[in-house]
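Q: Here's my sequence, what's the structure:
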Amino acid sequence: MSNYFDAEGFYSALDAHRTSLGITWKKLADKAGVSASTLTRMGQGKRPDVDTLAALASWSGIDVKKFYIADQGLRERPETLAEITALLRADKELGEEAAIMLERTVSSLYKELRKRRE
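A: Numbering: from 1, shown residues only. Below is the predicted model:
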């Protein structure tokens with residue numbers, strides 16, 4: 001992974017977006033105006049060129065700044081759980097109760113996995 005951009009993380013976010021739309025990678029490539037083979041290479045850990053990254057970010061609405069990494073490997077952004085909570089609470093597809101349930105589930109799992117890493 002580069003010291004400056006988490007390409008694997010961006011690809012994972014793109015995959016989550018694709019899945020939520022119920023489309024194939026080929027359809028995503030067509031809609032975003034990029035080659036399907038580029039997406040395949042990204043899935044194998046290769047980094048996209050700047051034009052491909054711009055096209056994918058523009059099409060998906062994913063903010064590439066969320067994947068910038070500081071020189072020390074630390075992200076210069078809010079705490080992960082804070083961002084997840086904000087996103088869940090803002091999701092119009094979820095009711096308040098569902099958002100709270102997901103928030104609790106994700107929070108619990110996240111904390112457990114962080115403990116294992118320490």
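Q: Looks like Leu39 contacts Lys31 (just checking).
A: No: checked against C-beta atoms under 8 Å, the pair Leu39 and Lys31 is beyond contact range at 11.5 Å. To be clear about C-beta, it is placed using only N, CA and C from the backbone, and glycine gets the same treatment.
Q: Which one's more surrounded, the two?
A: A direct count of neighbours by other C-beta atoms under 10 Å for Leu39 and Lys31 places Leu39 higher, at 22 against 14.
Q: Remind me which helix or strand the more buried one belongs to.
A: helix 36-43 (DSSP states H and E).
Q: ok, and for that helix, which residues are buried?
A: Within helix 36-43, the residues scored as buried using 16 or more other C-beta atoms under 10 Å are 38-39, 42.
Q: okay, now Leu14: neighbour count?
A: A count of neighbours around Leu14, defined by other C-beta under 10 Å, yields 22.
Q: Need phi/psi at it.
A: phi -60, psi -40 (degrees, to the nearest 10).
Q: That one against Ser60, yeah?
A: Yes: between Leu14 and Ser60 there is a contact at 6.0 Å, judged by C-beta under 8 Å.
Q: Point to the helix or strand of this structure where mean pLDDT is at its lowest.
A: helix 80-90 (a mean of 82; mean pLDDT, DSSP states H and E).
Q: List the buried residues of the very next helix or strand once past that helix.
A: Counting by DSSP H and E, the element after helix 80-90 in chain order, helix or strand, is helix 96-117. By 16+ other C-beta under 10 Å, the buried positions in helix 96-117 come out as 99, 102-103.
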